[in-house]
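J.: compute the structure for the input listed below.
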Amino acid sequence: MKTTLTQTLKQKLIIGLSRLYPMAKRALYRFHGGVFPRYNKELSLSHPLVTDFIPEILVLPLQQHVGISTEPLVKPGDHVLKNQLLADTEKGLAAPIHAPTSGKIIAIEPRTLPHASGLSGLSIILESDQKDEVIENSLEVDGSTPDTPNKLKALVHKAGIVGMGGAGFPTFAKIPSQPGQIKYLLINGAECEPFITCDDMLMQTRAEEIVQGALIVAQSLGINQILCGIEDNKAKAIKAMQKAAANTSVQIKVVVTAYPMGGQTQLTQELTGIELPAHTHAIDVGVLMMNVATFAAIYQATVHGNPLTSRYITVSGLGLNKPFNIDARLGTSFKELALLADPKTPLEYPLIKGGPMMGIEMQSNDVPVIKTTNCILATPPEPMEEPMPCIRCGECMDACPVNLLPQQLYWHSRSHEFDKVESLKVFDCIECGCCSFVCPSHIPLVQYYRFAKSEIKHIKQEEATAELAKKRHEFRQERLEREKREREARIKAKKEAVKQRAAQQAKSETTETDKPKTSAAAAAAARAAKARAEKAGKDTSGSVEPKLSARDKAIAAAKKRAEAANKSSASKTSEAAEEKSSPKPKDPKAAAMAAAKKRAAQKAKEKQSSNHHVADQAQSDTVEDKRAAAIKAARQKAAEKKRTELSEQSENDVPPEEKTKTASSKTTHAKQKAAMAAAKARAKKQHSKSGEEKD
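T.: Residues are numbered from 1 along each chain as shown. Okay, the predicted model is just below:
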């Protein structure tokens with residue numbers, strides 16, 4: 001009985017001490033909360049660094065950073081050398097990509113990305129030739145330190161350097177353009193995540209490059225204070241960094257091993273005492289922090305002209321026999337590196353990118369190493385414990401490093417009360433996993449917070465879209481109303497202008513007393529009547545013939561010919577009557593001569609009237625009518641001349657008795673011809689009248 005009581009007391013004492021230990025240790029650092037998991041860093045540190053591994057195939061995604069995707073500058077079939085530029089863009093925030101080794105570009109196609117979604121992205125596929133032929137000083141530097149921030153920014157961008165602590169933000173965008181804005185330059189060597197030791201190994205092997213890279217940045221930006229924070233569980237790294245920083249302005253500060261000491265907010269507060277306000281950048285308070293791997297890459301770019309083509313990676317986990325750290329070339333397969341570590345069981349479970357606290361499972365193990373990859377974790381999955389109801393113990397609140405209320409966030413996220421979740425500052429959560437780690441009910445709290453964040457973003461995006469649509473609709477309505485008002489104003493202005501012109505015209509007409517008050521139409525009608533009267537007067541005087549249509553001209557010509565024929569027949573009839581009534585002349589030859597003279601005079605008169613008619617018609621007709629009239633007149637003239645000659649010849653040759661008979665027959669024929677002409681004239685006149693009535 002006594003033994004049992006003693007064991008119970010010991011267990012209670014152990015439990016009490018285990019609770020007091022974190023509380024005691026928390027008193028040694030400045031930020032709130034934090035946890036102390038099993039780190040298991042000795043697994044990978046117990047094996048040497050691997051540096052000579054060149055895979056057969058390298059897959060290089062065109063986007064390995066925060067920002068926009070780059071654009072390929074090579075094509076399938078090209079042979080490339082190490083450090084050669086493969087992809088770049090000038091369209092926005094991006095970092096160029098260079099060849100990790102020499103070989104041949106065999107394809108540019110979509111490949112699965114190392115992302116929790118398992119989505120694909122366009123990638124350059126490089127087949128290594130195992131020669132590793134390199135372009136020395138591909139960045140074309142002279143080894144001197146950039147003397148201005150802009151020169152440093154340009155060099156860092158050209159080298160394709162990004163934040164290598166996990167965020168992946170292009171480093172050139174973090175560097176200010178003006179000197180004097182930064183007070184503290186911080187070197188992040190904490191590496192607080194369990195299993196991960198790549199930064200530890202980098203500080204042990206390349207401490208000089210890290211320190212010199214920090215000095216290059218400080219000199220370019222005019223920074224005097226350089227602080228390096230390293231957790232106290234990295235003894236070899238601390239010693240190497242202290243040796244490299246001797247006789248320099250770099251101060252090595254050993255901090256307590258606590259998770260998440262490596263967070264930017266937590267390490268900044270630990271090293272400088274500055275607590276970063278929410279929703280602000282470190283540069284706003286005069287702080288610039290970079291990872292040790294980033295400073296080493298800056299040194300390589302500035303001194304040797306080498307772009308970022310490889311990085312230190314930890315390959316570890318409880319499922320591997322020989323965990324290690326490796327200077328892995330970008331594009332190497334996760335699965336290929338895990339197989340190098342001698343898996344204890346077949347890799348039929350998903351590998352994890354990152355550590356156990358913040359890492360994400362891959363949808364495919366055959367994904368490539370990119371610039372933000374720092375660890376490949378191979379730990380076989382364990383049976384998950386069923387979540388139990390929250391017991392409101394408050395452990396999550398005590399462990400939260402940003403001093404939030406995880407329990408309240410959980411309840412509201414679970415109830416989809418996203419407005420309350422947002423009011424509790426869920427976006428300040430760094431998703432470190434401390435709350436889930438200490439939860440005795442095994443509730444995946446971080447997953448609820450991620451869900452709430454995504455839903456809030458989606459809701460805000462929909463609200464922004466709706467607001468934009470509303471503004472566009474209102475703008476359209478306003479535009480339509482404005483156009484309607486402008487249209488009505490133009491119509492009104494036109495009406496007013498018409499009214500003003502009418503008023504001015506009426507006023508001018510009243511003032512002009514010497515002019516008749518007639519409209520423009522009446523004046524035009526008066527002018528037309530006057531012109532017709534003038535033309536009629538000219539027609540009666542015979543000087544000018546009015547312009548008629550072709551039909552009217554033909555009818556008028558026919559009338560004139562009929563009148564002339566009637567006159568000639570009447571004259572011949574009277575002559576014949578006179579000859580019959582009068583006694584025959586004593587001299588037949590003289591009588592014949594007198595008759596011939598009369599006929600000649602009559603023909604000359606007819607000829608003259610016909611010539612006048614032809615001339616008048618030629619003046620009024622068109623060119624073709626004139627030509628036809630002239631031809632017709634010439635033919636008539638020739639025919640009349642011929643008839644005259646024949647008649648004169650016949651009169652001279654025949655006796656007077658025959659001439660008398662001939663004259664009588666001609667008179668009869670002339671009468672018939674005149675009657676026919678009169679009938680034709682009457683018919684044409686009737687036809688012309690009917691045509692005028694139709695018109």
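
J.: isn't residue 424 right next to residue 412, touching?
T.: Yes. Assessed by C-beta atoms under 8 Å, residue 424 is found in contact with residue 412 at 7.0 Å. For the C-beta atoms, the positions are set from N, CA and C on the backbone; glycine is no exception.

J.: more crowded one of those two?
T.: The residue with more neighbours, out of residue 424 and residue 412, is residue 412; 21 against 18, by other C-beta atoms under 10 Å.

J.: in what helix or strand does the more buried one lie?
T.: Using DSSP states H and E, residue 412 maps to helix 406-414.

J.: so where's the stretch 451-600 of the chain uncertain?
T.: The model of the stretch 451-600 of the chain has pLDDT under 70 over residues 511-522, 536-554, 558, 562, 565-590.

J.: please apply the same query to the chain.
T.: Scanning the chain for pLDDT under 70 picks out 1-27, 511-522, 536-554, 558, 562, 565-590, 604-627, 629, 644-671, 687-695.

J.: roughly how far out does the helix holding residue 412 sit from the chain middle?
T.: Computed by C-alpha atoms, centre = their mean, to the nearest Å, the chain-centroid distance of helix 406-414 equals 43 Å.

J.: next: stretch 320-331.
T.: Computed by C-alpha atoms, centre = their mean, the chain-centroid distance of stretch 320-331 equals 45 Å.

J.: how about it: buried residues?
T.: In terms of neighbour count (16 or more other C-beta atoms under 10 Å), stretch 320-331 has its buried residues at 320, 323-331.

J.: what's the spacing between residue 249 and residue 264?
T.: Distance, residue 249 to residue 264, using C-beta to C-beta, to the nearest Å: 22 Å.

J.: just the CA trace of the helix or strand where residue 268 lies, in PDB.
T.: Take DSSP H and E as the rule and residue 268 turns out to sit in helix 264-272. Extracted as PDB, the C-alpha positions of helix 264-272 are listed here (Å, rounded to 0.1, in the frame of the first residue of the first chain):
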ATOM      1  CA  GLN A 264       9.900  36.600 -38.300                       C
ATOM      2  CA  THR A 265       7.700  38.200 -35.700                       C
ATOM      3  CA  GLN A 266       9.000  36.100 -32.800                       C
ATOM      4  CA  LEU A 267      12.700  36.400 -33.700                       C
ATOM      5  CA  THR A 268      12.400  40.100 -34.300                       C
ATOM      6  CA  GLN A 269      10.900  40.600 -30.900                       C
ATOM      7  CA  GLU A 270      13.600  38.300 -29.400                       C
ATOM      8  CA  LEU A 271      16.600  40.100 -31.000                       C
ATOM      9  CA  THR A 272      15.400  43.700 -31.000                       C
END
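
J.: helix or strand right after that helix?
T.: Assigned by DSSP H and E, the successor of helix 264-272 is strand 287-291.

J.: if you count neighbours, what's buried in that next one?
T.: 287-291.

J.: show me the contacts for residue 320.
T.: If a contact means C-beta atoms under 8 Å, 6 or more residues apart in numbering, then residue 320 has 43, 338, 341-344, 378 as its contacts.

J.: burial count for the residue nearest to residue 361 when sequence neighbours are not counted?
T.: Sequence neighbours aside, residue 350 is the residue nearest to residue 361 in space, at 4.3 Å (criterion: C-beta to C-beta, 6 or more residues apart in numbering). Neighbour count for residue 350, taken as other C-beta under 10 Å: 15.

J.: same question, residue 244
T.: 20.

J.: and it, what does it touch?
T.: Counted by C-beta under 8 Å, 6+ apart, residue 244 has contacts 207-208, 210-211.

J.: and residue 137, by the same measure?
T.: Each residue near residue 137 by C-beta under 8 Å, 6+ apart is listed here: 304-306.

J.: and the residues you listed, which is closest to residue 94?
T.: residue 306 (19.6 Å; C-beta to C-beta).

J.: how about that closest one, nearest residue that isn't a chain neighbour?
T.: Using C-beta to C-beta, 6+ apart, the closest residue to residue 306 is residue 300 (4.4 Å).
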